[in-house]
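Q: I'd like to go over a predicted model; first the sequence, then the structure.
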Amino acid sequence: MGLRHPDRTGGQARRWRRSAVLAGVVVLALGLTGCSDETEAGRVAMPEPVTEQGQHILDLWQGSWIAALITGVVTWALILGAAFFFRRRSDDEVPVQTRYNLPIEIFYTIFPIIMVIVFFSHTVRVQNIALEMDPDPDVTVKVVGQKWQWTFNYPDSVDTPDGTNVFVSGTGEDIPELVLPVDSTIEFQLYSPDVIHDFGVPAFAMRMDVVPGRDNAFQVTTTETGEFAGKCYELCGTYHSRMLFEVHVVTQEEYDAYLAELAADPDHVSEEPIVGGAYSETPVLEDLNETEGEQE
């Protein structure tokens, strides 16, 4: 009685079923990543930028994803294609062995180097755009990050008997508002009197560390009006999670009216920018302690 060979047709069918299941899982995963919002899927999880610099950053982000997806598809196609087309079909058959293929080895060496050069050049170009400083910005805001809230100064923005600087400072219960005019170049000068914070607005696609003893600054050019969220991106201590603020990009007329409203209140006017320390840190801590006592 001779030996019976296994049913090769059944084995091949099982392999095809496994491949179909794997493909279905991959398609489902890709679909779930973009099902939340159609427009957000096109931005690959990036917020819609409302600054000129943010649009350049979004373009770099999208281009990087497209290049990465193309590279991934080609790589997986080569891996799975080689495994399928050159698989062993019988016990007596050995696939053709290819070694020392010089053109392929040169391609696999040169192409990744070219990709790295292209990525690096575009990253440097966008970085230079994002960090370019206009010597004469339309608005200057001195941002102070202190434990654990924000103070926004508008130096030399008004002329009153009490001073030329208006400011708003957040507390443990009140989130401060940062009001900016649209279609304007805004310079943020960053200062910290205590520890490292990080000032960032997702809709601007920009953020930067606020480092004690170091003068950091960047500029954005606003393009749309609206309300946006901002926060501290650096784990800076016990109440880091409360370092939130709201950004309002408004028309020039509304911005001028906002400065005039602040200037009418002596509590929001000073001769020099408020830079934290004893003035702003103590009220913040007191409000935080009172809030926690009420919660207990």
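A: Structure received. Residues are numbered from 1 along each chain as shown.
Q: which residues does the closest residue in space to residue 215 that isn't next to it in sequence contact?
A: Closest residue in space to residue 215, ignoring its immediate chain neighbours: residue 189 at 7.1 Å, by CB to CB, 6 or more residues apart in numbering. In this view, the C-beta of every residue, glycine as well, is placed from N, C-alpha and C. Residue 189 is in contact with 140-143, 215-217, counting by CB atoms under 8 Å, 6 or more residues apart in numbering.
Q: got the residue ranges for the strands in this structure?
A: Ranges of strands within the chain are 139-146, 149-154, 165-169, 177-181, 185-191, 197-201, 206-210, 216-221, 226-232, 244-250, 269-270, based on DSSP state E.
Q: Roughly how far does residue 154 sit from residue 60?
A: Going from residue 154 to residue 60 by CB to CB, to the nearest Å gives 32 Å.
Q: Compare the two (neighbour count), which wins?
A: Comparing residue 154 with residue 60 by other CB atoms under 10 Å, the one with more neighbours is residue 154, at 25 against 19.
Q: give the contact list for the more buried one.
A: If you count contacts by CB under 8 Å, 6+ apart, residue 154 has them with 139-142, 165-167, 259, 262.
Q: next one: residue 131
A: Residues near residue 131 by CB under 8 Å, 6+ apart: residue 218.
Q: same thing with the one 3 residues further on?
A: In this structure, residue 134 makes contact with 185, 187, 219, judged by CB under 8 Å, 6+ apart.
Q: How many residues are close by residue 238?
A: Neighbours of residue 238 (other CB under 10 Å): 9.
Q: Return the distance of it relative to residue 261.
A: Counting by CB to CB, the gap from residue 238 to residue 261 is 33 Å.
Q: what does residue 80 give?
A: Separation of residue 80 from residue 261 (CB to CB) stands at 64 Å.
Q: how is the protein carved up into domains?
A: Residue ranges for the domains of the chain, per automatic domain parsing: 36-86+99-132, 139-284.
Q: Once you drop chain neighbours, what's closest to residue 175?
A: Leaving out its chain neighbours, the residue that sits closest to residue 175 by CB to CB, 6+ apart is residue 244, at 5.1 Å.
Q: What residues does that neighbour make contact with?
A: Residues near residue 244 by CB under 8 Å, 6+ apart: 175, 229-232.
Q: want to throw the contacts of residue 154 into TSV with pLDDT?
A: Conversion of these to TSV gives the following (pLDDT from 0 to 100):
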residue	pLDDT
139	95
140	95
141	96
142	95
165	92
166	94
167	94
259	94
262	93
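Q: Could you work out the most separated pair of those residues?
A: 140 and 262 (15.3 Å; CB to CB).
Q: quick one: the spatially most central residue of the chain from residue 62, how far?
A: With distances taken as CA atoms, centre = their mean, residue 205 lies nearest the centre of the chain, 5.2 Å away. Residue 205 is 12 Å from residue 62, where distance means CB to CB.
Q: residues shared between the contacts of the two?
A: Counting by CB under 8 Å, 6+ apart, the shared contacts of residue 205 and residue 62 are residue 46.
Q: Next one: residue 269, what pLDDT does it get?
A: For residue 269, the pLDDT comes out at 92.
Q: export stretch 229-238 as PDB, just CAs?
A: C-alpha atoms of stretch 229-238 as PDB (Å, rounded to 0.1, in the frame of the first residue of the first chain):
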ATOM      1  CA  ALA A 229      -6.900  75.700  23.100                       C
ATOM      2  CA  GLY A 230      -3.400  76.100  24.500                       C
ATOM      3  CA  LYS A 231      -1.500  74.300  27.200                       C
ATOM      4  CA  CYS A 232       1.900  73.500  28.700                       C
ATOM      5  CA  TYR A 233       3.600  70.600  27.000                       C
ATOM      6  CA  GLU A 234       6.300  70.100  29.600                       C
ATOM      7  CA  LEU A 235       5.700  68.100  32.800                       C
ATOM      8  CA  CYS A 236       6.600  71.000  35.200                       C
ATOM      9  CA  GLY A 237       5.300  69.900  38.600                       C
ATOM     10  CA  THR A 238       2.300  69.000  40.700                       C
END
